[in-house]
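Colleague: How does the following fold in three dimensions:
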Amino acid sequence: MSRTASPTAQDFVPFATAALDFHRALNVPGGPLVTTRAELDALHAHLVSLHGLLDAHAARTGRLVPIEGDHLRAARTRIWQAADHVHAAYHAAPRTGSGEVPDRETCQAGLPEGSPELTICQRHQRTAHLVRRRTTPADLHAPFTGLVRH
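Modeller: Residues are numbered from 1 along each chain as shown. Okay, the predicted model is just below:
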């Protein structure tokens, strides 16, 4: 069994990084500006996708190189925490049009504002289910994710 990916495998992560840098340079002006709910939804989707990538790497790598797997699992946990904060920021952001701020608890009901506005909540709930299966509450609430192997 090979310990590394095929050298011919296409690596799209640098393109995703460049796209984020380009997006920031073009779409985030200097000075104070409220982040839109659409932007927060897109950022949440990106973080959830990155969480999935790190989860896959942590699961595969941890079996071959446990110390590296520990670091990847810690990174996965931190990315989930970032996604959770972006989800909270979404609910703190004013609604498009009315400027009203909905309650965070309303996302537990599925789509309280109707589709597609709260697809972020569906995505968040799906990922939270996975997080609860693969991460302990202590890991999620620890000030440090614990890298114990040396």
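
Colleague: Tell me, please, where in this structure the pLDDT is lower than the cut-off.
Modeller: For the chain, applying pLDDT under 70 flags the ranges 1-9, 32, 102-118, 143-150.

Colleague: In it, mark out all the helices, start to finish.
Modeller: Ranges of helices within the chain are 13-27, 37-64, 66-92, 119-134, 137-141, based on DSSP state H.

Colleague: Can you get me the centre-to-centre distance for stretch 34-47 and its chain?
Modeller: Average the C-alpha atoms of stretch 34-47, do the same for its chain, and the two points are 11 Å apart (CA atoms, centre = their mean, to the nearest Å).

Colleague: For G99, find the nearest of the helices of the chain.
Modeller: With CB to CB as the measure, helix 37-64 is the member of those nearest G99 (11.1 Å). For the C-beta atoms, the positions are set from N, CA and C on the backbone; glycine is no exception.

Colleague: Next, the angle helix 66-92 makes with the closest one.
Modeller: With axes from the mean of the first three to the mean of the last three CA atoms, to 10 degrees as the basis, helix 37-64 and helix 66-92 are set at 160 degrees to each other.

Colleague: For helix 37-64, which residues meet the burial criterion?
Modeller: Neighbour counts using 16 or more other CB atoms under 10 Å place 37, 39-41, 43-44, 46-48, 50-51, 54-55, 57-58, 61-62 of helix 37-64 among the buried residues.

Colleague: From what I see, A38 and T96 are in contact.
Modeller: Yes - using CB atoms under 8 Å, A38 makes contact with T96 at a distance of 7.5 Å.

Colleague: ok so, going back, could you redo the helices of the chain as CSV and give each row distance to V101?
Modeller: Shown next, in CSV, are the helices of the chain (distance: least, CB to CB, whole Å):
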stretch, distance to V101
helix 13-27, 23
helix 37-64, 10
helix 66-92, 6
helix 119-134, 15
helix 137-141, 26
